[in-house]
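[1] predicted model and sequence below, questions to follow.
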Amino acid sequence: MQAQTSDTNRHTDSTNSGVALAPLVSKLPRVGTTIFTVMSALASETGAVNLGQGFPDFDCDPALLDAVNQAMRSGLNQYPPMAGILPLRQAIASKVRALYGRDYDPVHEITVTAGGTQAILTAVLCCVHPGEEVIVIEPAYDSYVPAIELAGAIPVFVQMEVGASGYAVPWDKVAAAVTPKTRLIMVNSPHNPTSSVFNAQDIARLSEIVRGTQILILSDEVYEHMVYDGQPHESICRYPELAERAFVVSSFGKTYHVTGWKIGYVAAPAMLSAEFRRVHQFNVFTVNTPMQHGLTTYMQHPEPYLQLSAFYARKRNLFREGLAGTRFKLLPSQGTYFQCVDYSAISDKPEAEFCHWLTTEIGVAAIPISAFYDQPRESGIVRFCFAKKDQTLQTALERLSQL
Ligand code: GLN
């Protein structure tokens, strides 16, 4: 509503000074509440098993809680350094070196963030200017496009294609989407929501596309420790040609079953990290101290992240075996803690409507894949999260078996 000046209107729309506030012009006019929040609320209202929003329903290792508790009780409760405490950055650098063979300097090239989403927003804000283009591969995690829009930049979409071996990136279409304005390509492997993972061929195609250009890469690798069936995680960190132009994002929440702690990190070459930190210091400034100390202690043992793939592969198999007897068609789940299913043999409802129905009538919440697209798109596919206690998965499977 426009500012009101007439006396008659003042009492309804005016501030104390008598000048009505104009409505805000939203920077994100197309954004509502995220689908994850919506489905979790519906699941909790209806008592449905929540296989929607991606988070574990079991607790983390008590040793991690003890390490954080110990840090708090020993007085480690004031501001840490802006980029994160050095021992944690060193532990991250050692892990990345051991797993992917790249040496990041913990002083200048690793920054601790308030989770993956903040890392992604900050990375986009620090390197993309108004009017520049960012290539987004759909379906895409729902924070990517708002981050690009907040930077005043333009998302350019390329859709993954679904074949017999699941979703894959059509790299020729990515190459065709590149223009002189392309500043950044956002990639995500293991991929949310499709559970696909990059192979060496994907990396080769991406490398060809960016070679000799100024295009940067934002690689969302928050599910890096959940890759199944003996495949390696093709981290961008393994490939110097890509790593030298990349922000690589990971998340302790996913790795250690503590999504509510909101803590992750970005690894990037010094020049990119310096710019990242300029924005980071006025965005969150830094990340809570005791968690950083607790994680540093806990990271001294690599077993928890080394065993994570086996831990989740077992749950994936349990869930897939349970669904095998239903009319859901299972798509491959090569990584992440998600399983996508095609429900077209069960219903012809649009995905969001199907998820609503499944939650309220069958008692299992899921996430529509359509929520990961910019333009309305129906594929008859929904995503389940299997990061749940076996008992939770069994209850969900009993309900889904009616279908
Ligand atoms: N990453 C989680 C998912 O994909 C959701 C996180 C959130 O709710 N913002 O389900």
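    Noted; the coordinates are in hand. Residues are numbered from 1 along each chain as shown.

[2] now the helix ranked longest in the chain, how far from the centre of its chain.
    Secondary structure of the chain per DSSP state H: the longest helix is helix 308-324. Centre-to-centre, helix 308-324 and its host chain are 21 Å apart (Cα atoms, centre = their mean, to the nearest Å).

[3] which ones are touching Glu241?
    Residues in contact with Glu241, defined by Cβ atoms under 8 Å, 6 or more residues apart in numbering, are Ser207, Arg211. C-beta coordinates here come from the backbone N, C-alpha and C atoms, glycine included.

[4] pLDDT weak spots in this structure?
    Along the chain, the model assigns pLDDT under 70 to residues 1-15.

[5] how about the residues of it by the ligand?
    Thr34, Phe36, Gln53, Gly54, Asn192 (Cβ under 6 Å from any ligand atom).

[6] follow-up on the earlier one: next structured bit after the longest helix of the chain?
    Sequence-wise, the next helix or strand downstream of helix 308-324 (DSSP states H and E) is strand 329-330.

[7] who does that following strand pair up with?
    Strand pairing for strand 329-330, determined by DSSP bridges: strand 338-342 (antiparallel).

[8] can you list the residues that contact the partner strand?
    54, 167, 192-195, 316, 319-320, 323, 328-331, 333, 369, 379-386.

[9] could you rerun that using 7 Å?
    The contact list for strand 338-342 (Cβ atoms under 7 Å, 6 or more residues apart in numbering) reads 54, 192-195, 316, 319-320, 323, 328-331, 333, 369, 380-386.

[10] then stretch 360-380?
    With contact meaning Cβ under 7 Å, 6+ apart, stretch 360-380 is reached by 35-36, 39, 42-43, 46, 48-52, 138-142, 145, 155, 157, 193, 340, 342-344, 350-352, 355, 358-359, 381-384, 396, 399-400, 402-403.

[11] buried set for it?
    362-373, 378-380 (16 or more other Cβ atoms under 10 Å).

[12] before we move on, what about stretch 121-137?
    Buried, per 16+ other Cβ under 10 Å, within stretch 121-137: 121-128, 132-137.

[13] with stretch 82-92 instead?
    Neighbour-count burial for stretch 82-92, with 16+ other Cβ under 10 Å as criterion, is recorded at Ala83, Gly84, Ile85, Pro87, Leu88, Arg89, Ala91, Ile92.

[14] from those residues, pick the one nearest the ligand.
    The nearest member of those to the ligand, counting by Cβ to the nearest ligand atom, is Ile92 at 20.4 Å.

[15] surely that closest one touches Tyr265?
    Yes - applying Cβ atoms under 7 Å as the test, Ile92 and Tyr265 come out as touching, 5.5 Å apart.

[16] anything in contact with each of those two?
    Residues touching both Ile92 and Tyr265 by Cβ under 7 Å, 6+ apart: Ile110.

[17] quick check: the two most widely separated of the buried residues of stretch 360-380?
    The distance between the two most remote of those (Cβ to Cβ) is 26.9 Å, for Gly363 and Tyr373.

[18] need the three-state assignment for Phe247.
    Classification of Phe247 by DSSP: H, G, I helix; E, B strand; the rest coil places it in strand.

[19] quick one: the helices in the stretch 1-150 of the chain?
    All helices of the stretch 1-150 of the chain, identified by DSSP state H, counting those that start in this stretch, fall at 7-13, 35-46, 62-73, 86-100, 115-127, 144-150.

[20] which other helices and strands does the last one contact?
    Pointing back at helix 144-150 there. Under the contact criterion of 3 or more Cβ pairs under 7 Å, 6 or more residues apart in numbering; DSSP states H and E, helix 144-150 touches helix 115-127, strand 133-138.

[21] name the residues that touch the shortest one?
    Read that as strand 133-138. By Cβ under 7 Å, 6+ apart, strand 133-138 touches 128, 144-145, 148, 153-160, 169, 174, 177, 179, 181-187, 372-374.

[22] equivalent analysis for stretch 116-125, please.
    Here stretch 116-125 has contacts from 113, 143-144, 147-148, 150-151, 218, 220, 222, 247, 249, 251, 264, 266, 276, 279-280, 283-284, using Cβ under 7 Å, 6+ apart.

[23] repeat for stretch 295-311
    With contact meaning Cβ under 7 Å, 6+ apart, stretch 295-311 is reached by 61, 63-64, 67, 85, 87-88, 91, 95, 225-228, 252, 255-256, 263.

[24] what residues of stretch 250-268 count as buried?
    Under 16+ other Cβ under 10 Å, the buried positions of stretch 250-268 are 250-259, 261-268.

[25] among these, which lie within strands?
    Ser250, Ser251, Gly264, Tyr265, Val266, Ala267 (DSSP state E).

[26] from those residues, pick the one nearest the ligand.
    Nearest member of these to the ligand, counting by Cβ to the nearest ligand atom, is Ser251, at 8.7 Å.

[27] so for the longest helix of the chain, what gets flagged as buried?
    Neighbour-count burial for helix 308-324, counted by 16+ other Cβ under 10 Å, picks out Leu308, Ser309, Tyr312, Ala313, Lys315, Arg316, Phe319, Gly322, Leu323.

[28] tell me which of those residues is nearest to the ligand?
    For the buried residues of helix 308-324, the nearest to the ligand is Tyr312 (14.6 Å; Cβ to the nearest ligand atom).

[29] report the contact partners of the nearest residue to the closest one once chain neighbours are set aside.
    The spatially closest residue to Tyr312, leaving aside those adjacent along the chain, is Met226, at 5.1 Å (Cβ to Cβ, 6 or more residues apart in numbering). Contact analysis of Met226 by Cβ under 7 Å, 6+ apart lists Pro190, Leu308, Ser309, Tyr312, Gly335, Thr336, Tyr337.
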